[in-house]
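Enquirer: Here's a sequence, model it:
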Amino acid sequence: MAIRIINKIISRFSGNSDKSSAKPASRSPRGSRSAKFLNKPEPKTVETWRPGQESTSESSAIKTDLSSSRPVRKKRTRKKDDGSVLTQPGGGGENADVGARTSEDGGRKADVEGQKDVNPEGQRLEGGGQKAKDPHPKSPNSKSQKPASSSPEVQEEWTLDNYEIEAEEGKTRFHDVGLPLDIMHAISDLGFKYCTPIQARVLKEVAEGHNVAGKAQTGTGKTAAFLLLTFKQFWNNPLPRGERKCGRPRALVVAPTRELVAQIVKDAQAIGKYTPIRSVAIYGGTAYEQQERELLKSPVDLIAATPGRLLDFQNKRKIDLSGVEVLVIDEADRMLDMGFIPDVRKIIRSTPPKDQRRTLLFSATLTDSVMELASQWMPEPKMIEIEPDQVAVDTVKQLVYMVRTQEKFTILYNILKRPNIGRVLIFANRRDQTERIAGELQRYGVECEILSGAVNQNRRERVLEDFRSGKIKTVVATDVAGRGLHVDDINHVVNFDLPYEAEDYVHRIGRTGRAGAEGTAVSFACEDESFTIPEIEEYIGEPLACKYPEETLLEALPPTNAKPYQKKRRPPQNRNSGSRSGGYRGGSGSRPRR
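Expert: Below you'll find the model as predicted:
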């Protein structure tokens, strides 16, 4: 067969098509029947095809593809029941039937008898660049329709009829404060029904054009208050698309801790999920480059930041605060205690003048120092104070055990071993104390984690996620890490050490009993810390139930073979070794491995 094909190719190029050495190819029975049925005389000799020459026989056994020097499949014919002949192309891509070129304008249409009867799934067009006909043709006036099983469900447009809240005397609905529809949609998803006292007051005062200095503890809804009025400001005064720039926010929230900043942005994303408003968190303890990419990838509307990292971005001209319309100072008393006020002053000086922006300040206490700051940063601040009896601690059962210092850990262990104890958050006053408590708990088989300033940000975020998901049931934390900690369904808060400040006590127990759920706060009052109890009682406006622990809580610890907890000592740092490119403070060496 191969010799025949080579001879044919040679004969075509030499022009000797009538050589006696060229033997006729054998015809298949199908080709004979097809030619007979079409009333065409059967050729007695086989003619070869030359470039530019039309094919003289439709029943040629083999035609040659000169572009690829490969044989092309022949056409297949079959006889139908009614006696007609159906011819189908035999495949082979663009050169499937080189001889079937019947149109003089060079088009490559198949000249196949009875093609209309071919199964649509097997149809092909002769000319590889064209698409086959649609197996489901549509009428010109009909729209494209997909099968009912594959069509997505059409969601109905959300309206206020989907969020009906009955008016109650003494309560303010979110319907009554003039929020945009997309914000109301998000509030409905979050399950909010009525404004908290601080939310109602703040929204009312800002609507009247006042700046606000608010006294409110964690858990009163102050974060949602300033986010709602900020988003309302954005919605009522939209910027043209070209005026929104990367790193130039319209609202700035300054907070003292990383956890609080992250929680503010999380709440902002939940409230603004149906809007194009974009919020970004800026805080230390994590990669600078990663936050820079997040900040500069698209225009930003709201930035929540800790003072130190925000100043870093400002010094590198990555953030421009000249367009700030709303400025929020959260936990002002805490920033005053932590020494952040000089940094906050630098930040505020880079914003527009105080009479050209809306300013809000929130604090657990409105002391003279805090009010002096408020008067410097805003003209004629309107003071809003939520009384202690309005603080959301009525859903928390508070217990104070009068104990000795050496009994604290035994009581804590027996509390954690109670059935169905759930999530437990333990507070201590110092970082080394949290490490010691966690180490001893792990020694006795209690899985727990630490949240303190000594833990890097990536691990802190991982611990919070594990705590929220229930993978970890017990966390030991300091006050700095506890601020802004929002985890649902915390059943117990344990004050291993009573806090030095009364407002810290309210912040701690506010981690449980959230959103109307009931919780329990247990505090250990030993000879070293019990002096703070009268101050706490005066601050919360009610006496604390102090009692001695039950006998079951004083049961001896179980035996264990684990070694007692020992504080890990860091290896000495050799600052004089290494290359000069290390950049380690205090010497030219690089930081040693740990």
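
Enquirer: quick one: terminal-to-terminal distance for stretch 426-433?
Expert: Counting by CA to CA, to the nearest Å, you get 11 Å between the two ends of stretch 426-433.

Enquirer: Residues in contact with it: which ones?
Expert: Here stretch 426-433 makes contact (CB atoms under 8 Å, 6 or more residues apart in numbering) with 412, 434, 437, 448, 452-454, 474-479, 482, 493-497, 499-500, 508, 567. (Glycine included, C-beta is placed from N, CA and C.)

Enquirer: What are the contacting residues of whichever strand or helix holds L310?
Expert: Secondary structure assignment for L310, by DSSP states H and E: helix 307-315. Contacts with helix 307-315, where a contact means CB under 8 Å, 6+ apart, come from 247, 254, 256, 282-284, 288, 291-292, 295, 303, 319, 321, 335, 340, 343-344, 346-347, 350.

Enquirer: Now for E156: which residues touch it?
Expert: So E156 contacts nothing (CB under 8 Å, 6+ apart).

Enquirer: quick one: it and R349, what's the gap?
Expert: The gap separating E156 from R349 is 50 Å, by CB to CB, to the nearest Å.

Enquirer: Check V480 and give its pLDDT.
Expert: If you check V480, the pLDDT there is 70.

Enquirer: Number of residues surrounding G178?
Expert: 10 (other CB atoms under 10 Å).

Enquirer: pretty sure it is touching V206, no?
Expert: No. Using CB atoms under 8 Å as the test, G178 is too far from V206 to be in contact (11.2 Å).

Enquirer: Is V280 inside a helix or a strand, and which specific one?
Expert: Going by DSSP H and E, V280 is in strand 279-282.

Enquirer: ok, back up a step: which entries within the contacts of helix 307-315 meet the buried criterion?
Expert: Among the contacts of helix 307-315, the ones that count as buried by 16 or more other CB atoms under 10 Å are 247, 254, 256, 282-284, 291-292, 295, 303, 319, 321, 335, 340, 343-344, 347.

Enquirer: Which stretches in the stretch 301-450 of the chain count as strands?
Expert: Using DSSP state E, counting those that start in this stretch, the strands assigned to the stretch 301-450 of the chain run over residues 302-305, 326-329, 358-363, 382-385, 396-402, 423-427, 449-451.

Enquirer: Would you tell me which one of those strands is buried the most?
Expert: Mean neighbours per residue, mean count of other CB atoms under 10 Å, is largest over the strands of the stretch 301-450 of the chain for strand 302-305, with a mean of 27.

Enquirer: so what does that strand touch, helix or strand wise?
Expert: Using 3 or more CB pairs under 8 Å, 6 or more residues apart in numbering; DSSP states H and E, the elements in contact with strand 302-305 are strand 251-254, helix 258-271, strand 279-282.

Enquirer: go with 10 Å
Expert: In this structure, strand 302-305 packs against helix 222-236, strand 251-254, helix 258-271, strand 279-282, helix 307-315, strand 326-329, with contacts taken as 3 or more CB pairs under 10 Å, 6 or more residues apart in numbering; DSSP states H and E.

Enquirer: Show me what it pairs with in its sheet, parallel or antiparallel.
Expert: Paired strands of strand 302-305, with direction, are strand 251-254 (parallel), strand 279-282 (parallel) (DSSP bridges).

Enquirer: In the stretch 451-594 of the chain, where is pLDDT below threshold?
Expert: Low-confidence segments of the stretch 451-594 of the chain, defined by pLDDT under 70, span residues 481-484, 514-517, 566-594.

Enquirer: No further queries at this time; thank you.
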